[in-house]
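Novice: quick one, fold the following:
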Amino acid sequence: MTLIFWGYLFILFNDVILNDIILGISSLNFIAYIMIAIGLTRWIEKSKSYKLIAAKQWSIGLAIVSLLYEVIIFSSIFSLDYISLSSPFATLISAAFSLASIYLLCLITLGIKDFATSLEIKLNTNPILILARISALLVFITPILIIIDSESLSIYSSIQIPLSLLQIVGIIMFLNMMQRATAAYVQSEDIT
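Specialist: Prediction:
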């Protein structure tokens, strides 16, 4: 759980605090996704959940994509073939990456819920999944609005603030759920 916590903290720091510098994809995200994959390995050993196995695969995939994209961005900057970070192409790539990250969060949430259910412990994951759906909707709408009116970044700014707040609240709720599931697992191990 600790590695998953730190991984999501790195993603939160990079995407919200640094405000999507280089499309929110950096070596910090690469490290974060690797940490999440390692943390998921420990949970998979405990639960054998197919959703957690899929989440680990997504995490590794996102790590590879983030690293490859960083190489492409830096090579284009140094070769003076600079990709504009405000272009519709860059916006679409950022949105696709954000949607994949939200999907990863949902997979982990559902996998942990399955694990808790196997221990006969009820976890309420609905608020996390609802926030993920709202975040996904905002992420999906943002590039469409920017492509329609590419001159106005006020649309982007007006959506990014609530999206960042949703991400912070969602991650806090997710981490709270992870802590409760870990405590339940430790308690069940003490009983047996």
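Novice: and Asn124, how far from Phe13?
Specialist: Per CB to CB, to the nearest Å, Asn124 is found 27 Å from Phe13. C-betas here are computed from N, CA, C, even on glycine.
Novice: what helix or strand is Trp58 on?
Specialist: Using DSSP states H and E, Trp58 sits within helix 50-78.
Novice: now that helix: buried residues?
Specialist: Across helix 50-78, burial judged by 16 or more other CB atoms under 10 Å covers 51-56, 58-59, 62-63, 65-67, 69-70, 73.
Novice: so for that helix, mean pLDDT?
Specialist: For helix 50-78, mean pLDDT rounds to 80.
Novice: do stretch 136-156 as well
Specialist: pLDDT averaged over stretch 136-156 gives 69.
Novice: the helix or strand containing Ile112 - contacts with which helices or strands?
Specialist: Of the helices and strands defined by DSSP H and E, Ile112 is found in helix 88-118. If you count contacts as 3 or more CB pairs under 8 Å, 6 or more residues apart in numbering; DSSP states H and E, helix 88-118 packs onto helix 2-12, helix 27-47, helix 50-78, helix 126-148, helix 154-191.
Novice: which parts of that helix are buried?
Specialist: Buried-residue list, helix 88-118, by 16+ other CB under 10 Å: 90-91, 93-95, 97-98, 101-116.
Novice: what's the distance between the closest residue in space to Leu40 that isn't next to it in sequence and Ile38?
Specialist: Spatial nearest neighbour of Leu40, excluding adjacent residues (CB to CB, 6 or more residues apart in numbering): Lys56 at 4.2 Å. Lys56 sits at a distance of 9 Å from Ile38 (criterion: CB to CB).
Novice: list the buried ones in stretch 118-137?
Specialist: Within stretch 118-137, the residues that qualify as buried by neighbour count (16+ other CB under 10 Å) are Leu119, Ile121, Leu123, Thr125, Ile128, Leu129, Leu131, Ala132, Ser135, Ala136.
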